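[1] what shape does this take:
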Amino acid sequence: PESVPTPAWVKVNSPNLEFDQSLHELEGGIYYLLVDTQIKVDSQQSEHYFYHYANHITNQSGVESNSQLNISFDPIYEEVFLHKIKILRNGKEIDQLRSSKKQLIQREDQLDQLIYNGLQTLNIILNDVRAGDTIEYSYSLIGANPVYKGIFSTTQSIEWDVPVEDVFFRLVWNKPTELNIASHNTNLELSEKKTTLGREYVLHSSKVKGKSIEKGSPIFYDPWAKLYFNELNDWADVAKWGLSLYDDVYKSSIEIDALALEFQERSSNQ
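    Numbering: from 1, shown residues only. Okay, the predicted model is just below:
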């Protein structure tokens with residue numbers, strides 16, 4: 001994966017390093033300072049997903065579990081670009097973009113089910129992580145699964161089972177079709193405005209509390225806030241897209257017609 005500067009279309013956000021110091025007792029040894037997701041959708045270019053995170057390590061447990069970064073992607077249609085990896089310590093920035101150890105790993109977690117997905121993981125091992133450090137990193141994934149035939153759809157979480165200092169989401173929409181938006185378990189609203197890049201949707205939420213699930217809740221229960229985006233208007237459009245994936249199934253031939261007739265005759269004789 002290449003290392004390139006932050007894309008020009010991205011709005012730069014910085015983590016709040018003046019957070020409540022009492023959070024050092026957080027379970028797991030980590031406090032999520034920033035979850036920043038920005039998406040650019042253009043009819044002339046591939047979908048561009050920009051991710052920016054800042055995680056504060058509160059104790060040795062956090063050091064052990066967060067000294068590595070893992071970025072999963074599908075190499076068939078996605079490219080990974082690293083922008084920034086650094087450690088913030090005592091007012092200083094320690095660059096890790098080049099000094100960290102990087103390797104590509106192919107993990108097939110569903111082979112026991114005879115499923116091969118081809119996903120790869122970029123594993124990044126950081127140097128000299130200490131309690132009290134803040135790890136800040138950003139990267140881009142460019143590309144979209146061709147099975148969707150250019151139709152954009154995504155779900156964005158804005159709440160988790162852990163607290164987050166700042167959640168920032170931004171979507172730049174530059175397609176002629178209308179973007180449909182729905183929300184789940186939240187009263188937060190996206191701001192919307194027209195820009196030179198396209199129509200821009202933004203949400204910023206601070207001091208997001210973690211929300212846990214009570215024991216005994218159904219497995220399908222989902223209490224966390226989410227946003228849904230889709231450019232299809234109704235389920236008829238979804239069905240039309242889905243049927244297009246099976247065009248070849250409906251193409252007949254002399255051999256298939258003869259086989260179908262044989263099955264019909266056998267069935268009628270029973």
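[2] helices of the protein, start to end?
    For the chain, applying DSSP state H gives helices covering 60-66, 235-244, 254-268.
[3] centre of the chain versus the last one, how much separation?
    What it means is helix 254-268. 48 Å (CA atoms, centre = their mean, to the nearest Å).
[4] residues in contact with residue 177?
    residue 231 (CB atoms under 8 Å, 6 or more residues apart in numbering). Every C-beta, even on glycine, is put in place using the N, C-alpha and C of the backbone.
[5] could you measure from it over to residue 77?
    Per CB to CB, to the nearest Å, residue 177 is found 21 Å from residue 77.
[6] what of residue 225?
    29 Å.
[7] quick one, which of the two is more surrounded?
    residue 225 (20 against 14; other CB atoms under 10 Å).
[8] dump the residue contacts of the more buried one.
    The contact partners of residue 225, taken as CB under 8 Å, 6+ apart, are 157, 158, 159, 183, 184, 185, 186, 188.
[9] quick one: buried ones out of those?
    158, 159, 183 (16 or more other CB atoms under 10 Å).
[10] I'd guessed the last one sits against residue 228; true?
    Looking back up the chat, that one is residue 183. Yes: in this structure, residue 183 is within contact of residue 228 by CB atoms under 8 Å, at 7.2 Å.
[11] run a quick neighbour tally on residue 101.
    There are 11 residues near residue 101, going by other CB under 10 Å.
[12] contacting residues around it?
    By CB under 8 Å, 6+ apart, the residues touching residue 101 are 124, 125.
[13] so what sits opposite it in the bridge?
    Counting by DSSP bridges, residue 101 forms beta bridges with residue 125.
[14] check the gap between the nearest residue to residue 71 once chain neighbours are set aside and residue 81 for me.
    Spatially, and ignoring its direct neighbours in sequence, residue 71 is nearest to residue 122 (4.4 Å; CB to CB, 6 or more residues apart in numbering). With distances taken as CB to CB, residue 122 is found 11 Å from residue 81.
[15] tell me, what's touching those two both at once?
    Common neighbours of residue 122 and residue 81, counting by CB under 8 Å, 6+ apart, are residue 1.
[16] list the buried residues in stretch 200-219.
    Across stretch 200-219, burial judged by 16+ other CB under 10 Å covers 200, 201, 203, 205, 208.
[17] contact partners of it?
    Contacts for stretch 200-219 (CB under 8 Å, 6+ apart): 158-173, 179, 181, 188-194, 221, 223-224, 227.
[18] which ones among those residues lie within strands?
    164-173, 181, 191-194, 227 (DSSP state E).
[19] just the buried ones from these?
    164, 165, 166, 167, 168, 169, 170, 171, 172, 173, 227.
[20] from the residues you listed, which is closest to residue 89?
    Using CB to CB, residue 165 comes nearest to residue 89 of these, at 18.0 Å.
[21] thought residue 18 was touching the closest one, still the case?
    No: using CB under 8 Å, residue 165 makes no contact with residue 18, being 9.9 Å away.
[22] doesn't residue 231 make contact with residue 151?
    Yes: counting by CB under 8 Å, residue 151 touches residue 231, with 6.2 Å between them.
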